[in-house]
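> My questions concern the predicted model and sequence given below.
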Number of protein chains: 2
Amino acid sequence: VRRRDPEELFAAARDGDRVAMARLVSLVEEGGEPARAVGRLTFPCTGSAYTVGITGAPGAGKSTITDRVIAEIRAGDEEVGVLAVDPSSPFSGGAFLGDRVRMQDHALDPGVFIRSMASRGHLGGLSLATPEAIRVLDACGCPWVLVETVGVGQVEFEIVERADTTVVVLTPGSGDSVQASKAGLLEVADLFVINKADRPGAHELERDLNLMLDMSADRDGHAGWRPPILRTVASTGEGIGELWKAVCEHRRALDASGQLEARRSRRLADELREIVVRRLEHRAFSVCAGDRYDALLRAIRHREIDPWEAADRLVDATTARS
Amino acid sequence: VRRRDPEELFAAARDGDRVAMARLVSLVEEGGEPARAVGRLTFPCTGSAYTVGITGAPGAGKSTITDRVIAEIRAGDEEVGVLAVDPSSPFSGGAFLGDRVRMQDHALDPGVFIRSMASRGHLGGLSLATPEAIRVLDACGCPWVLVETVGVGQVEFEIVERADTTVVVLTPGSGDSVQASKAGLLEVADLFVINKADRPGAHELERDLNLMLDMSADRDGHAGWRPPILRTVASTGEGIGELWKAVCEHRRALDASGQLEARRSRRLADELREIVVRRLEHRAFSVCAGDRYDALLRAIRHREIDPWEAADRLVDATTARS
């Protein structure tokens, strides 16, 4: 019972208690006042972790790549936190099969923390809960945080944009290059990985990607970095060393150009704006109820007042309230 | 120059001036204070028009069906206004090829008003501009307003939901039934039209639709109305008479059950809520700028304050402002 107190959990997590760390992520997922408390505690201690986003279509091999990358990081004797984000799933808390499989590899390694994320009750959903969860891992001392997301929807896109280095995983013969282009992944990718590169079509995919990169000449905030295209066969580990080297090289390039700080600042600004929008939306829904609202609706129905005028009055009431 | 004054335009439009009516719709599209002025003028005079939404995938034959329905309405000597809404197009103002083709049929008929709609600068886009444009036609005395929308995206969906009777146009052999089900059109459809019914697959499509309707037993706000499935060949006019009879029958059923009033009230409530949300969002974006915002961002970057705390302060500032 006492363990639910965020302050105590945070102290324990910083001492290496992985169960406490998992609890903190749960609090963040659940949202509300406990999530706020966790944010207040962790935020001042953040800014050291480097975040790598790994995304791609289902079946592209993201989990296997993530696993191999974990091993690569551990070979360098550094600790790593992993968040597996699945916006389409209502479940969370390490209940995924994928987690359990992976836990077999890393369960005994105290230098690895793996956690699945789902939205639950968090105001703003995963796109706002994920940066907070990353900050928990950051504040608890993980120097590397891997964020694995499924798919190419809007939410995943927003999550991917929150990483320092974004790795987009594609597979040959899947039409992935067109998908990636449509989903705007071309703009956010810092690195492309052609996984299952031993299959037919790897060469064509690489050619397509190069063509698309040639065409999208000016990519904002990339400081002249052209995403390298790497080939891996994650199931055998082939190419993972090169992938990790490329991530570290991208990190150095961002650092040297000052883009890392600029990106992080922009991300915080985006996050702030999103929180503000969500708060006001929330307020809008709470004000669209009650006697005042009902009276205005009646007036609209009787054509005594138009909806825009009614909205003005409601918004004024909202703002007067706080 | 004098013609730009909304009051004068409205007076002229009510006297049958179609150019003035088109100008009023343009003002609504453009948003801002002129749009508000039009809304204030027209809103008290609305509530008489009956709105029919016609939607379906590109190429389903919506325009041809709309044309034929116009002829049907005109055969009964009633006037009709038509809004062709294309959220994907940045153009508007009757510049579409489709309009010009249609105008050949109806250009000399003063009982028909046809206008394309695009979003332009309207706060809230087409989903908020469309009901306002419908009200312009309503207030100018059109007893029937047809709203034709392309596609099955979110915006089109919101527009379709604003009609009194919603007609969903499908074609055989196109996989349309699955699409319709996925897009939630099954829930909003009051009538299904299988157009190009002389093509193979019409029978299968009808069977699929019936099956889906059987499965989605409880459809809110439909008062026991099961959408009839009609067959048309719009190019020859086959089945259009029956389609129009079915629309009129649906209207009678809605009237008799009290559902028409209930639907319209719910729509006004939805519209009001949406305007409130957009207004607050707009306010959020305006407050996420300026010295106060910059100072808070700096404080976040220096880890002196977390984004949620900063959002609270910004929201408080927003609300204090008005």
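Perfect, I can see it now.
> Contacts only, for A:V169.
By Cβ atoms under 8 Å, 6 or more residues apart in numbering or on different chains, the contact list for A:V169 reads A:I54, A:T55, A:G56, A:A60, A:G61, A:K62, A:I65, A:V193, A:N195. (Each C-beta comes from the backbone N, C-alpha and C, glycine too.)
> Flag every buried residue along the strand or helix carrying the second one.
In the assignment (DSSP states H and E), A:T55 maps to strand A:50-56. Of the residues in strand A:50-56, those scored as buried under the neighbour-count criterion (16 or more other Cβ atoms under 10 Å in any protein chain shown) are A:Y50, A:T51, A:V52, A:G53, A:I54, A:T55, A:G56.
> mind listing the strands for the stretch 101-250 of chain A?
For the stretch 101-250 of chain A, the strands defined by DSSP state E, counting those that start in this stretch occupy A:112-117, A:144-150, A:165-170, A:191-194, A:229-231.
> can you put those in JSON lines and add distance to B:T166?
Output for those, formatted as JSON lines (distance: least, Cβ to Cβ, whole Å):
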{"stretch": "strand A:112-117", "distance to B:T166": "38"}
{"stretch": "strand A:144-150", "distance to B:T166": "34"}
{"stretch": "strand A:165-170", "distance to B:T166": "40"}
{"stretch": "strand A:191-194", "distance to B:T166": "44"}
{"stretch": "strand A:229-231", "distance to B:T166": "48"}
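> export those strands to CSV and tack on mean pLDDT?
Shown next, in CSV, are the strands of the stretch 101-250 of chain A (pLDDT from 0 to 100):
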stretch, mean pLDDT
strand A:112-117, 88
strand A:144-150, 90
strand A:165-170, 93
strand A:191-194, 95
strand A:229-231, 97
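> Which one of those lies nearest to A:I300?
With Cβ to Cβ as the measure, strand A:112-117 is the member of these nearest A:I300 (41.7 Å).
> what's that closest one packed up against?
Here strand A:112-117 touches helix A:18-30, strand A:80-85, helix A:97-106, helix A:125-139, going by 3 or more Cβ pairs under 8 Å, 6 or more residues apart in numbering or on different chains; DSSP states H and E.
> shaky segments in chain A?
Judged by pLDDT under 70, chain A has its weakly predicted residues at A:1-3, A:86-105, A:107, A:119-124, A:151-157, A:160, A:176, A:178-184, A:217-223, A:317-322.
> In it, which helix is the longest?
Counting by DSSP state H, the longest helix found in chain A is helix A:259-287.
> What are the buried residues along that helix?
For helix A:259-287, the neighbour count (16+ other Cβ under 10 Å) marks A:259-260, A:263-264, A:267-281, A:283-284, A:287 as buried.
> tell me the angle of it relative to helix A:125-139?
Going by axes from the mean of the first three to the mean of the last three Cα atoms, to 10 degrees, helix A:259-287 is angled at 130 degrees with respect to helix A:125-139.
> The stretch 201-322 of chain A: helices as residue ranges?
Remark: helices assigned in the stretch 201-322 of chain A by DSSP state H, counting those that start in this stretch are A:202-215, A:240-257, A:259-287, A:291-301, A:307-321.
> how distant is the longest one from the center of its chain?
Remark: helix A:259-287 is offset 15 Å from the chain centroid, using Cα atoms, centre = their mean, to the nearest Å.
> Can you name every helix or strand that it contacts?
Counting by 3+ Cβ pairs under 8 Å, 6+ apart, helix A:259-287 packs on helix A:125-139, helix A:240-257, helix A:307-321, helix B:259-287, helix B:291-301, helix B:307-321.
> Turn those helices into a markdown table, columns for distance to A:D5.
A markdown table is the format used below for those (distance: least, Cβ to Cβ, whole Å):
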| stretch | distance to A:D5 |
| --- | --- |
| helix A:125-139 | 15 |
| helix A:240-257 | 36 |
| helix A:307-321 | 32 |
| helix B:259-287 | 33 |
| helix B:291-301 | 26 |
| helix B:307-321 | 19 |
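> so which of those helices is the most packed in?
Ranked by mean neighbour count, those are led by helix A:125-139 with a mean of 25 (mean count of other Cβ atoms under 10 Å in any protein chain shown).
> What is it packed up against?
With contacts defined as 3+ Cβ pairs under 8 Å, 6+ apart, the packing partners of helix A:125-139 are helix A:6-14, helix A:18-30, helix A:32-42, strand A:80-85, strand A:112-117, strand A:144-150, helix A:154-160, helix A:259-287.
> Now do it against helix A:6-14, angle only.
Helix A:125-139 and helix A:6-14 are oriented at 60 degrees to each other (the same axes, to 10 degrees).
> Contact partners for whichever residue of the stretch 1-150 of chain A sits closest to chain B?
Nearest to chain B in the stretch 1-150 of chain A, going by Cβ to the nearest Cβ, is A:F43, at a distance of 3.8 Å. For A:F43, the contacting residues are A:R135, A:A139, B:R303, B:D306, B:P307, by Cβ under 8 Å, 6+ apart.
> switch to 7 Å and redo it
Applying Cβ atoms under 7 Å, 6 or more residues apart in numbering or on different chains, we find A:F43 in contact with A:R135, B:R303, B:D306.
> do A:A13 as well
Counting by Cβ under 7 Å, 6+ apart, A:A13 has contacts A:A20, A:M21, A:L24, A:C140.
> Widest-spaced pair of those?
Farthest apart among those by Cβ to Cβ are A:A20 and A:C140. That separation is 8.6 Å.
> Could you find the closest non-adjacent residue to A:E158?
Nearest non-adjacent residue to A:E158, counting by Cβ to Cβ, 6 or more residues apart in numbering or on different chains: A:S127, 4.0 Å away.
> just to revisit the earlier point, could I get the buried residues of strand A:50-56 in CSV, plus columns for distance to chain B?
Shown next, in CSV, are these (distance: Cβ to the nearest Cβ, whole Å):
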residue, distance to chain B
A:Y50, 17
A:T51, 16
A:V52, 22
A:G53, 19
A:I54, 24
A:T55, 23
A:G56, 23
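> Could you single out the nearest of those to B:D316?
For these, the nearest to B:D316 is A:T51 (30.8 Å; Cβ to Cβ).
> Just to check, the closest one is in contact with A:W144?
No: using Cβ atoms under 7 Å, A:T51 makes no contact with A:W144, being 8.0 Å away.
> And the closest residue to A:L297 other than its chain neighbours, how far from A:V315?
Distance criterion Cβ to Cβ, 6+ apart; nearest residue to A:L297, sequence neighbours excluded, is B:A269 at 5.6 Å. For B:A269, the distance to A:V315 equals 16 Å [Cβ to Cβ, to the nearest Å].
> So what's the residue count around A:L191?
21 (other Cβ atoms under 10 Å in any protein chain shown).
> what's the answer for the one 3 residues further on, then?
Around A:I194 sit 25 other residues, with neighbours defined as other Cβ under 10 Å.
> same thing with A:V38?
Counted with other Cβ under 10 Å, A:V38 comes out at 27.
> which residues does it contact?
Contacts of A:V38 (Cβ under 7 Å, 6+ apart): A:P6, A:L24, A:L27, A:V28, A:V136.
> Kindly reformat the residues you listed as JSON lines containing distance to A:V188.
Shown next, in JSON lines, are these (distance: Cβ to Cβ, whole Å):
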{"residue": "A:P6", "distance to A:V188": "32"}
{"residue": "A:L24", "distance to A:V188": "28"}
{"residue": "A:L27", "distance to A:V188": "29"}
{"residue": "A:V28", "distance to A:V188": "24"}
{"residue": "A:V136", "distance to A:V188": "24"}
